[in-house]
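pasting the structure only:
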């Protein structure tokens, strides 16, 4: 699915803790960071179930585990995020939901846009129309 | 201490999880975000023990608890971060260390600069010289 990309980030295991770094630009995140949000939830929770029109997002599970189901209308792919240095990059035009697989799971999302209510597509019928208009035409920004 | 500021961020308790949002600009983070890093560590670990010359940082403890000891050479202050929506903003010129108070504690740091090795002051004697040159002259960017 060309709107979704799994990225392995640098991971530094140190005596006094583990470190993972996410930088904007060519090094690792292919966009400029505008917003970061955290979600913490329990095993069995399912969140998401929407797509974005303009916003790109990088999903990182810093503790616990999450299954991300991605759908660009033409195909579907599932990803497991269970390491703090594994990021899932979602371009606009992906309908996604996240299932929390363990208690006390933490998800960090890094975005290229501030919060905009109108950027959310919450209805799958509307998503179909949007996804078909894209025809897979989105692509990774340099 | 005018180089350190504790900020309460919006916190949304929802049936399927808790959400905290950090946006750049006037809304909540008074700088442009360039880098995000995660540290996970165990009770008793002490990290940090350095200051930055140019980099501003926002420290957030998304799970567990951390004590942050701050020193601008003229005074010292300690802060406890134990909620995901409590952020500690550190301007350049603060010598800080973080003590992890619980096992499986997660720290997220949001920065206004990419990683630069030369931005770190790792020696307290060097820090004294730098801090005195500032004379508390740093201030919050608008």
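Received the coordinates, thanks. Values in this document were obtained by computation on a predicted structure and should not be read as measured data.

who does residue A:19 bridge with?
residue A:12, residue B:39 (DSSP bridges).

residues in contact with the spatially most central residue of chain A?
Closest residue to the average C-alpha location of chain A: residue A:59 at 3.5 Å, with CA atoms, centre = their mean. Under the criterion of CB atoms under 8 Å, 6 or more residues apart in numbering or on different chains, the contact partners of residue A:59 comprise A:66, A:68, A:81, A:87, A:88, A:89, A:90, A:98, A:107, A:108, A:109. C-betas here are computed from N, CA, C, even on glycine.

and it, how close does it get to residue A:5?
11 Å (CB to CB, to the nearest Å).

quick one on the thing from earlier: before we move on, which element is the residue nearest to the centre of chain A in?
strand A:57-63 (DSSP states H and E).

which other residues reach the following helix or strand past that strand?
For strand A:57-63, the succeeding helix or strand toward the C-terminus, using DSSP H and E, is strand A:66-71. Contact with strand A:66-71 is made by A:1, A:3-4, A:48, A:59, A:76-82, A:88, A:90, A:94-101, A:105, A:107, as judged by CB under 8 Å, 6+ apart.

circling back: joint contacts of residue A:59 and residue A:5?
A:88, A:89.

got the residues of chain A near chain B?
A:16-25, A:27, A:33-42, A:45-47, A:60, A:62-63, A:84, A:100, A:104, A:106, A:108, A:110, A:114-115 (CB under 8 Å from any CB of the partner chain).

these in strands, which ones?
Residues of these located in strands (DSSP state E): A:17-23, A:35-41, A:46-47, A:60, A:62-63, A:100, A:106, A:108, A:110.

any of these buried? List them.
Buried by 16 or more other CB atoms under 10 Å in any protein chain shown: A:17-23, A:35-41, A:47, A:60, A:62-63, A:100, A:106, A:108, A:110, out of those.

where does residue A:73 fall, phi/psi-wise?
Dihedral angles of residue A:73 (phi, psi; degrees, to the nearest 10) stand at phi 80, psi -30.

for chain B, see how far away it is.
Counting by CB to the nearest CB, to the nearest Å, the gap from residue A:73 to chain B is 25 Å.

in helices only, show me the contacts of strand A:66-71.
In helices, judged by DSSP state H, none of those are found.

out of the residues you listed, which are buried?
A:3-4, A:48, A:59, A:79, A:81, A:88, A:90, A:94-96, A:98-101, A:105, A:107.

how far away is the closest residue to residue A:23 other than its chain neighbours from residue B:108?
The shortest distance from residue A:23 to any non-neighbouring residue, by CB to CB, 6 or more residues apart in numbering or on different chains, is to residue B:35 (4.7 Å). The spacing between residue B:35 and residue B:108, counted by CB to CB, is 11 Å.
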